[in-house]
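Undergrad: Sharing a model that was predicted from the sequence below.
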2 protein chains.
Amino acid sequence: MGAKFWLDCGGAMPLKSQYSSDPGNLFVRDVRPLGGDPTDILIAGERIACGPAPAGVPVLDGGGRIVLPGLVEAHTHLDKSLLGLPWYRNEVGPRLIDKIENERTVRRTLPIDPRQQSERQALLSVSHGSTFIRSHVDVDTECGVAGIEGVLATREALADVVDIDLVAFPQSGLLVRPGTVGLLERALRLGAETVGGLDPCAIDRDPKGHVDVVFGLADKFGRGVDIHLHEPGEMGAFSMELIIERTLALGMQGKVMISHAFCLGMPDASVVDPLIAALAEARISIMTTASASRTVPPLKRLVQAGVVVCAGSDGIRDTWGPYGNADMLERAMFVGQRYNLRRDDELALALDVVTTGGARALGLEGYGLTPGCGGDLVLVEAETIAEAVAQRPGRRTVIKRGRVVARDGVAERR
Amino acid sequence: MGAKFWLDCGGAMPLKSQYSSDPGNLFVRDVRPLGGDPTDILIAGERIACGPAPAGVPVLDGGGRIVLPGLVEAHTHLDKSLLGLPWYRNEVGPRLIDKIENERTVRRTLPIDPRQQSERQALLSVSHGSTFIRSHVDVDTECGVAGIEGVLATREALADVVDIDLVAFPQSGLLVRPGTVGLLERALRLGAETVGGLDPCAIDRDPKGHVDVVFGLADKFGRGVDIHLHEPGEMGAFSMELIIERTLALGMQGKVMISHAFCLGMPDASVVDPLIAALAEARISIMTTASASRTVPPLKRLVQAGVVVCAGSDGIRDTWGPYGNADMLERAMFVGQRYNLRRDDELALALDVVTTGGARALGLEGYGLTPGCGGDLVLVEAETIAEAVAQRPGRRTVIKRGRVVARDGVAERR
């Protein structure tokens, strides 16, 4: 990819306002797209355009940095981070249900305001280069839809800074806690885009019932589905089959994501290979955190089979665990380390997961660095893509729809 | 641990120069030992002393930061980092032998000067808080002992900044490459402390021959042993048995380390449990990088059995792979993530691995924060130990034998 690439453009571009100094117009000089040759990028009317800098358009000197499309945070929990609060001493038990129940209890006493916490985390994400965030947001019979309302308010407040997509997430279970289904409906009406789900066997104890409700809501509201599937081995494989069956039956190909999917990391290829083929047929995408302590979906086999793989931070410093900084380039490094990616071409795959993989999984339109794409860019001080992933340089500059939203690693409030 | 701790001291302290403003004397105000209550620490004559600040002693304001003992980098390769060189495009094959042979070939053309590269990496380590480094240094029939000479020169140049311990390491094999044994002897005479080894079955193809030579050299020179053992499963377990047998036979308890020890991550407890018991009996320590892509030694079971576990960065940005930043607090985070440590007490264990674990494994004397201990400190801006590990705050201030060697994350050359 070189300088001439940027001249080789054409076709209609939906420009809101062209060649003015309004927000959304920016001329970015001397950047290297995906580590290629230096070039300039014009953003006009919030989209990548072509040609020289017109008079009056603000100029940003890229200083030869690599430019990437905005990073995609495909799975996190904006509503319940403890960022900015006093350190939470974690004494929680080892099981998933321990963490779920502890969180529900702790939330009664800790000042976890979803509006405030989601803004804190979203701005941290932006400072690291994420320009799109999918957030699961707890919906349960104790907090109701307060989390949804808080994150929706943050979405509105940060509308010029980052795009946020909400999954109405029954963290405490769906059928095991009567009243939750109605709350999910309410969350969808309020503006959550996607129907969430969680471990149909292990948590809800009724796999058929769980996936029927989740897909029923998705069908009724015309929404996508994103299910947390921590279940390991054959149990997870069974739940995954139920999800695939409903995706095909309802014609929801391309609208379903399975998050974590630890079961795909089981060693038995006679179970995993048919599942991968079925995921590809149903165009179900897979989200991984590249967990170092769990079995993980086989990245290369999934990609080779045509399954879209994206990545997420999961919880950032919450009652579940102390880790996370919302940096999706660091997440790409974790992908690289987990899958033992060492060659430069392999690290490019890790970057794909947190860029185009996320964009495809979330159905983002106009994602990329070519003319006509949305003007979401990240400038990273690195020699190569591999260095950007393996060394995660800081002090990034981030552009959202042609506006600088973080400069040298610091998010700019608008 | 609180303020009174620091007053409760006594006994003789080997002070070189007390209560003067000479290097090695420092009064560190307002720091929290291991996250405890605020206190002051006096370093007098390079060692931690007690009492108020005498006149003339330089004062460092800790600003309430956590103070840790100097971090211990227990396994790296100072001689062959590519830090500061143009990005190396990695196109190396997947096998261990591919990486070994590629490196030997590449070293003929790349300007990897062991003297320069080891200093670059050592100063990077210091900037993150390591005050002790064990470095394996390649010895083979192509580079001879040039690596040893280079790292020895760096050790001398940085003698006031960081302690460096050298392992004479037959990276390309020992018996498979005739002439290597003589070179190892030369390396030991030059000043390398420890005899290295590598995969007695998988690389050297003669497990008995390999360990006999390694332990023979150790016995002849009165040195310790540190063997890279990547071999998985039963093969690794067999090699480990050979190492344990010789450790006991030669009375080398407490002087042997096994690095990586992936075989201890195999699931079969009927193989692993007796090995752990034997390691404890032979007082052999285990070094882990907490690799995300390999089976890893069972940390908690080892510690419970009394086996000392330490950690290392392994290669930092070299021809083997692009990762690594020499930050041992980040390594503690990798330990936490790999072993799924989430509770605060579990994160304290992760910190132990990169502090007291390393010190015990390497036999460091006077390690710690109590009076009489060497004045090696790291100041970290964090509320708790768990935060220090999980969030790896930057801008650390590092003190070696009472001298500030890095300030706010930047190593100070002396």
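TA: Received it, and whenever you're ready, just let me know what you need. Computed from a prediction, not measured in an experiment: that's the story for all the values here.
Undergrad: rest of the way, CA atoms for contacts and neighbours
TA: OK.
Undergrad: what ranges do the helices span in the stretch 151-300 of chain A?
TA: A:180-190, A:207-221, A:233-249, A:269-281, A:299-304 (DSSP state H, counting those that start in this stretch).
Undergrad: Out of the ones you listed, which is closest to A:Asn102?
TA: Nearest of the helices of the stretch 151-300 of chain A to A:Asn102, taken as C-alpha to C-alpha: helix A:180-190 at 18.5 Å.
Undergrad: re the thing from before, wait, which of the helices of the stretch 151-300 of chain A is closest to B:Leu82?
TA: helix A:299-304 (27.9 Å).
Undergrad: Counting by contacts, list what the helix or strand following that closest one packs against.
TA: Following helix A:299-304 in sequence order, the next helix or strand is strand A:309-311 (DSSP states H and E). Judged by 3 or more C-alpha pairs under 8 Å, 6 or more residues apart in numbering or on different chains; DSSP states H and E, the packing partners of strand A:309-311 are strand A:71-76, strand A:285-288, helix A:299-304, helix A:344-354, helix A:356-361.
Undergrad: The nearest residue to A:Glu241 once chain neighbours are set aside: what's it in contact with?
TA: Using C-alpha to C-alpha, 6 or more residues apart in numbering or on different chains and skipping the chain neighbours, the partner closest in space to A:Glu241 is A:Leu275 (7.4 Å). By C-alpha atoms under 8 Å, 6 or more residues apart in numbering or on different chains, A:Leu275 lies in contact with A:Ala237, A:Met240, A:Glu241.
Undergrad: same thing with A:Asp314?
TA: So A:Asp314 contacts A:His75, A:Thr76, A:His77, A:Thr289 (C-alpha under 8 Å, 6+ apart).
Undergrad: Can you say which helix or strand has A:Asp30 in it?
TA: Taking DSSP H and E as the criterion, the element that holds A:Asp30 is strand A:26-33.
Undergrad: Identify each buried residue in that strand, please.
TA: Using 16 or more other C-alpha atoms under 10 Å in any protein chain shown as the test for burial, strand A:26-33 gives A:Leu26, A:Phe27, A:Val28, A:Arg29, A:Asp30, A:Val31, A:Arg32, A:Pro33.
Undergrad: can you narrow the residues you listed to ones near chain B?
TA: For chain B, no contacts are drawn from the buried residues of strand A:26-33 by C-alpha under 8 Å from any C-alpha of the partner chain.
Undergrad: What is the nearest of the residues you listed to chain B?
TA: Set against chain B, the nearest of the buried residues of strand A:26-33 by C-alpha to the nearest C-alpha is A:Arg32 (15.4 Å).
Undergrad: which residues does that closest one bridge with?
TA: A:Ile66 (DSSP bridges).
Undergrad: Please dump the contacts of A:Leu275 into a markdown table; it should also carry neighbour count for every row.
TA: Listed next are the contacts of A:Leu275 as a markdown table, based on neighbours: other C-alpha atoms under 10 Å in any protein chain shown:
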| residue | neighbour count |
| --- | --- |
| A:Ala237 | 21 |
| A:Met240 | 24 |
| A:Glu241 | 15 |
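Undergrad: distance between stretch A:368-380 and the chain's centre?
TA: Offset of stretch A:368-380 from its chain centre (C-alpha atoms, centre = their mean, to the nearest Å): 17 Å.
Undergrad: Ends of that stretch, what's the gap?
TA: End-to-end distance for stretch A:368-380, by C-alpha to C-alpha, to the nearest Å: 16 Å.
Undergrad: for the record, mean pLDDT for it?
TA: Stretch A:368-380 carries an average pLDDT of 97.
Undergrad: And stretch A:257-272, by the same measure?
TA: 97.
Undergrad: before we move on, what about stretch A:198-207?
TA: 96.
Undergrad: can you tell me the distance between the two ends of that stretch?
TA: Stretch A:198-207: ends 10 Å apart by C-alpha to C-alpha.
Undergrad: Would you agree A:Leu369 falls within a strand?
TA: No. Per DSSP: H, G, I helix; E, B strand; the rest coil, A:Leu369 lies outside any strand segment and is coil.
Undergrad: Skipping adjacent residues, who's closest to it in space?
TA: Setting aside the residues directly before and after it, A:Leu369 is nearest to A:Pro69 in space (C-alpha to C-alpha, 6+ apart), at 5.9 Å.
Undergrad: Please tell me I have it right and that neighbour contacts A:Thr355.
TA: Yes. Judged on C-alpha atoms under 8 Å, A:Pro69 makes contact with A:Thr355 at a distance of 6.8 Å.
Undergrad: Tell me who's in contact with the closest residue to chain B within the stretch 101-250 of chain A.
TA: Residue nearest to chain B within the stretch 101-250 of chain A (C-alpha to the nearest C-alpha): A:Asn102, separated by 12.7 Å. Contact analysis of A:Asn102 by C-alpha under 8 Å, 6+ apart lists A:Val92, A:Thr319.
Undergrad: Also the one 4 residues further on?
TA: Shown in contact with A:Val106 (C-alpha under 8 Å, 6+ apart): no residues.
Undergrad: Can you name the element that comes right after the helix or strand bottoming out on mean pLDDT in chain A?
TA: Counting by mean pLDDT, DSSP states H and E, chain A has its least confident helix or strand at helix A:96-106, which shows a mean of 91. Downstream of helix A:96-106, the first helix or strand assigned by DSSP H and E is helix A:114-128.
Undergrad: Let me know how buried A:Asp219 is, in neighbour terms.
TA: Neighbourhood size, A:Asp219 [other C-alpha atoms under 10 Å in any protein chain shown]: 16.
Undergrad: any idea which helix or strand carries the one residue in the stretch 1-150 of chain A that gets nearest to chain B?
TA: With C-alpha to the nearest C-alpha, the shortest gap between the stretch 1-150 of chain A and chain B falls at A:Asn90, namely 4.6 Å. Here A:Asn90 sits in a region with no helix or strand, counting by DSSP H and E.
Undergrad: Tell me the predicted confidence for the residue nearest to it when sequence neighbours are not counted.
TA: Nearest residue to A:Asn90, sequence neighbours excluded (C-alpha to C-alpha, 6+ apart): B:Arg343, at 4.6 Å. Note on B:Arg343: pLDDT of 97.
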